[in-house]
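Colleague: predicted model and sequence below, questions to follow.
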Amino acid sequence: MNDPLLAFAALLTPEGRALLDEVRGTDPAQELAVATRLRREHPAELVSAALGQARLRQRAAAKFGAQDAERMFFTPNGVEQSTRASVATYRARRMADLGVTSVADLCCGIGGDAIALARAGIRVLAVDRDPLTAAVARANTEALELGELIEVREADVAEVDTAPYDAVFVDPARRGGRGRIFDPEAYSPPLSWAVETALKAPHAALKVAPGIPHEAVPDAAEAEWISDGGDVKEAVLWFGTQPGSVRATLLPGPRTLLGRGLPDPAVRSVGRYLYEPDGAVIRAHLVAEVAEDLDGGLIDPTIAYITADEFHVTPYATAYEITDHLPFNVKKLKALLREREVGILTVKKRGSAVEPEELRRKVKPQGPNSATVFMTRVAGAPTMLVGRPARARGFR
């Protein structure tokens, strides 16, 4: 059974489903023993497929949650490239708030976004040209009992008529044989095609890599960068909303910071507090908005660290109270940490060539206390800032 599509179809048979139940949660260290036992009663190819699917489900739990992941089906690429459920849910909710009732989901993959859209009450046409991927998406639709709202179609997205739908969602493939693709025109389909398709619909959302250059964002689009738990997950180009606007959205929440078109913040001397903006804020080029809200400035014109004399509550940056400001010198840092009895050391870097693990080995932290050291530049000079997370009543 060398055909992946036939191997997947076998998993959907009563024997395949029973085998999936039996291997659920198999410890990877026990796979060989489990496979040997099961092959006495089941075809070897089916046992391998079931164990492979169990492995994918375990990996997918982090993105989809264990409850859904245990019922869904995956491909290796599907687990790697699918949208995290929390992000898909947020985007689907925003679609619903725009009044969207039907979406053409082009390049649907294993169906993660289609599932979120359907759960938001939106009717979905989910399209993918790969036969196996479309089959997996169809199986997921059925497994999660969303067949009344999701139609899965195996087709080339360029041949799909999107006119009957309120909105278009496009998630182009951004990986090739050599890994991640950074040129938007090398996406499959290219970004230009996706934009042309988006402009034909009342509303549209195009998922793109968070590293997309701002100059590549079309004038007609709103650009949104999304992070989840502090990790930047994606950028989305919205059409039919606020052309030219920029926002950073932080999950859970959501909390959204809108761009105000501010100039770059002024550089100032290091104050009592250092603020590390969320990655979505940095990607969206909204550090100036956060700095203004904090009444702060930058420690260096090329470094996205904000400094201020007062502590302010903000969801858009993590605050640290700075206790020491030193020129870069490993021996001095080692002596300082020994004096403070610091054994738990967090090393952060921005604008420094020093590797955190290398620094940690050199200073050999020991003791009951903790500290954070920032390896960075201040007004162009290599600098070490030592501090601790700031705390204030009511701050989260």
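Modeller: Yep, that arrived. Numbering: from 1, shown residues only.

Colleague: output the longest helix belonging to this protein.
Modeller: When the chain is parsed with DSSP state H, its longest helix is helix 44-64.

Colleague: the nearest residue to residue 303 once chain neighbours are set aside: neighbour count?
Modeller: Once flanking residues are discounted, residue 303 sits nearest to residue 351: 4.8 Å by C-beta to C-beta, 6 or more residues apart in numbering. C-beta: built from backbone N, CA, C; applies to glycine. Residues contacting residue 351 under the criterion other C-beta atoms under 10 Å number 18.

Colleague: what packs against the longest helix of the chain?
Modeller: Applying 3 or more C-beta pairs under 8 Å, 6 or more residues apart in numbering; DSSP states H and E, one finds that helix 44-64 contacts helix 4-11, helix 14-23, helix 31-38, helix 66-69, helix 76-81.

Colleague: most centrally placed residue in this protein?
Modeller: residue 233 (1.8 Å; C-alpha atoms, centre = their mean).

Colleague: please, which helix or strand holds that one?
Modeller: strand 231-239 (DSSP states H and E).

Colleague: who does that strand pair up with?
Modeller: Here strand 231-239 is paired, per DSSP bridges, with strand 203-208 (antiparallel), strand 222-228 (antiparallel).

Colleague: so the residue nearest to the centre of the chain makes contact with residue 84?
Modeller: Yes - between residue 233 and residue 84 there is a contact under C-beta atoms under 8 Å: 5.9 Å.

Colleague: hmm, who's touching the longest helix of the chain?
Modeller: 1, 7-8, 10-11, 15-16, 19-20, 22-26, 28, 31, 34-35, 38-39, 69-70, 72-76, 78-79, 82-85, 112 (C-beta atoms under 8 Å, 6 or more residues apart in numbering).

Colleague: so where's the stretch 251-396 of the chain uncertain?
Modeller: Counting by pLDDT under 70, the stretch 251-396 of the chain contains low-confidence ranges at 392-396.

Colleague: mind redoing it with 80?
Modeller: 391-396 (pLDDT under 80).

Colleague: show me where it has helices.
Modeller: Assigned helices in the stretch 251-396 of the chain, in chain order: 279-283, 287-294, 330-340, 356-363 (criterion: DSSP state H, counting those that start in this stretch).

Colleague: for residue 184, find the nearest of the ones you listed.
Modeller: helix 279-283 (14.9 Å; C-beta to C-beta).

Colleague: what sits up against the closest one?
Modeller: Against helix 279-283 from outside (C-beta under 8 Å, 6+ apart): 210-211, 225-227, 230-232, 235, 248-250, 257, 287, 289-290, 304, 316-317.

Colleague: follow-up on the earlier one: export the helices and strands packed on helix 44-64 as TSV, with columns for mean pLDDT, mean neighbour count and distance to residue 103.
Modeller: Listed next are those as TSV, based on pLDDT from 0 to 100; neighbours: other C-beta atoms under 10 Å; distance: least, C-beta to C-beta, whole Å:
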stretch	mean pLDDT	mean neighbour count	distance to residue 103
helix 4-11	92	16	26
helix 14-23	93	16	30
helix 31-38	89	14	39
helix 66-69	95	15	20
helix 76-81	90	16	19
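
Colleague: let me have these in a markdown table, extended by distance to residue 47.
Modeller: Shown next, in a markdown table, are the helices and strands packed on helix 44-64 (distance: least, C-beta to C-beta, whole Å):
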| stretch | distance to residue 47 |
| --- | --- |
| helix 4-11 | 10 |
| helix 14-23 | 7 |
| helix 31-38 | 5 |
| helix 66-69 | 21 |
| helix 76-81 | 18 |
